[in-house]
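K.L.:
My questions are about this predicted structure, shown below with the sequence.
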Amino acid sequence: MSETKVLLDGLCFPEGPRWHAGKFWFSDMHAQRVMRVDATGRAELVVEVPQNPSGLGWLPDGRLLVVSMNDRRLLRLDPSGLTRVADLSHIATFHCNDMVVDSRGRAYVGNFGFDLIANESQRTTALARVDPDGKTHVAAAELMFPNGMVITPDDRTLIVGESFAARLTAFDKAADGSLSNRRVFAQLEGGAVPDGIALDAEGAVWVASPINGDCLRVHEGGRVSRTVRAAGRVYACALGGPDRKTLFLCTAETHHPAECVVMKTGKIEVTDVDVAGAGLP
């Protein structure tokens, strides 16, 4: 039984959810567009991204950053249109995916590492960091499908979901943006696979788990204190709303690109939570 209500439906495959400037933003990945929707469900197009958008974030000056998946690029939305910030093909070994942008405009971008749709053998890959000047760095290596990410309110810890290792991995984050002291924040059990994640004010992480279809509230060490069942499989989540106590869920019945375009089962679902969102995004 679903615990959510549907805010918006008829989407191909919603991903990269963010709450920003009083609206909910997301990438409708296989429809090649970035969208935003208000609390009444009224949606509008932000920008079209021909090589499929994924992660979203904002620079300190308010300009939108967008991950362009298939060509492995980070783009910026200027008044004149999309501009390339960085080419990540020398770091990403397959399509790029989710991203978190810190308060100084540094972008941390994950990637698949292998062709998931073609059932290629799994292999590790690197997390990329793009500085505001466009310079690229390997932020962390040997990650198994680095996916959703959050940064704690003190800007000192970055947590990333390693989808095919079924764990949340934490790093110390230095003032220069470098990551160190890698450690397991939580090993997930029961077939849970982390995709998009969101952080709350008690330090718990909401984890979208599309394999078992739920969204889990996970504490450091692995304890699960709440499970939200949605109408569709949950691929990503975000905490937003005026008090950041609305849990937004990106759901769909399938992640296969061809099926997504035809079936259009993607939805934005919402439910209320007790603890407000914290940190970034």
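P.N.:
That came in fine, so what should we check first?

K.L.:
Break down the stretch 101-250 of the chain into its strands, ranges please.
P.N.:
Secondary structure of the stretch 101-250 of the chain by DSSP state E, counting those that start in this stretch: the strands cover 107-111, 125-130, 136-143, 146-151, 157-162, 167-173, 179-187, 197-199, 205-209, 214-218, 224-229, 233-240, 246-252.

K.L.:
Endpoint to endpoint, stretch 206-219 covers what distance?
P.N.:
The first residue of stretch 206-219 is 9 Å away from its last residue (CA to CA, to the nearest Å).

K.L.:
just to revisit the earlier point, dump the strands of the stretch 101-250 of the chain into JSON lines; add mean neighbour count and distance to residue 7 as well.
P.N.:
To be clear about C-beta, it is placed using only N, CA and C from the backbone, and glycine gets the same treatment. Below are the strands of the stretch 101-250 of the chain laid out as JSON lines (neighbours: other CB atoms under 10 Å; distance: least, CB to CB, whole Å):
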{"stretch": "strand 107-111", "mean neighbour count": "28", "distance to residue 7": "26"}
{"stretch": "strand 125-130", "mean neighbour count": "24", "distance to residue 7": "31"}
{"stretch": "strand 136-143", "mean neighbour count": "18", "distance to residue 7": "32"}
{"stretch": "strand 146-151", "mean neighbour count": "26", "distance to residue 7": "20"}
{"stretch": "strand 157-162", "mean neighbour count": "25", "distance to residue 7": "24"}
{"stretch": "strand 167-173", "mean neighbour count": "21", "distance to residue 7": "27"}
{"stretch": "strand 179-187", "mean neighbour count": "15", "distance to residue 7": "28"}
{"stretch": "strand 197-199", "mean neighbour count": "26", "distance to residue 7": "16"}
{"stretch": "strand 205-209", "mean neighbour count": "26", "distance to residue 7": "16"}
{"stretch": "strand 214-218", "mean neighbour count": "24", "distance to residue 7": "15"}
{"stretch": "strand 224-229", "mean neighbour count": "16", "distance to residue 7": "14"}
{"stretch": "strand 233-240", "mean neighbour count": "26", "distance to residue 7": "11"}
{"stretch": "strand 246-252", "mean neighbour count": "27", "distance to residue 7": "8"}
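
K.L.:
closest one to residue 22 among those strands?
P.N.:
Closest of these to residue 22 is strand 233-240, at 9.2 Å (criterion: CB to CB).

K.L.:
Tell me the pLDDT of the residue with the largest distance to the centre of the chain.
P.N.:
No residue in the chain sits farther from the centre than residue 80, which is 26.1 Å out by CA atoms, centre = their mean. For residue 80, the pLDDT comes out at 96.
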